[in-house]
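[1] only the shape, not the letters, is given here:
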């Protein structure tokens, strides 16, 4: 009985300290994707978190032909495209600040937040300044009226969520 309670406690703590869905990004294209990827509280859109492997520019970059996944914000540094810092705003009245992936505020906001939008450019990998397509995709309520898919001049994208084995996965695919 003690072992069952221990396992149950460990399971619940894992659920309590993870975002609602695991994010999987598949960039199947031959282009680099750069933009702002946001997670937010699913009820009132704050607190909010922006991922960034280059926070100085405010952008999150996925190279051509790359797949990455983020089961938890606080383990984002171990992903195929590691994220060590986030831009986080805890309320509408506080300014956003850059905090590390293992900061206590990351643990605090994790259970009530999920992925809301990705605003990104599809760029030439050889000349990163050449932008071919721009997308704003996401899900309500925190992404306003962003669509869940788009077709550009050299690429397509889709955003969808599936549940498998009790785990919720959010997919962003770029073709």
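    In hand now; what should we look at? Note that this is a predicted model, so its numbers are computed, not measured.
[2] what segments of this protein are strands?
    Applying DSSP state E to the chain gives strands spanning 22-27, 32-41, 48-52, 60-62, 67-70, 85-89, 97-100, 113-123, 131-138, 149-151, 156-164, 167-174.
[3] now those strands as TSV including distance to residue 79?
    Where C-beta positions appear, they are placed from N, C-alpha and C, glycine not excepted. Below are the strands of the chain laid out as TSV (distance: least, Cβ to Cβ, whole Å):
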stretch	distance to residue 79
strand 22-27	9
strand 32-41	12
strand 48-52	10
strand 60-62	11
strand 67-70	5
strand 85-89	13
strand 97-100	15
strand 113-123	14
strand 131-138	20
strand 149-151	24
strand 156-164	18
strand 167-174	14
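[4] between those, which one is closest to residue 78.
    Among the strands of the chain, the nearest to residue 78 by Cβ to Cβ is strand 67-70 (9.5 Å).
[5] and the contacts of the closest one?
    19, 22-27, 51, 62, 76, 79-81, 83 (Cβ atoms under 8 Å, 6 or more residues apart in numbering).
[6] which of those residues sit farthest apart?
    19 and 27 (20.7 Å).
[7] tell me which residues in stretch 97-116 are buried?
    99, 101, 103, 105, 106, 109, 110, 113, 114, 115, 116 (16 or more other Cβ atoms under 10 Å).
[8] pLDDT averaged over it - what is it?
    Throughout stretch 97-116, pLDDT has a mean value of 92.
[9] stretch 121-135 too?
    94.
[10] can you give me how far that stretch is from the chain middle?
    20 Å (Cα atoms, centre = their mean, to the nearest Å).
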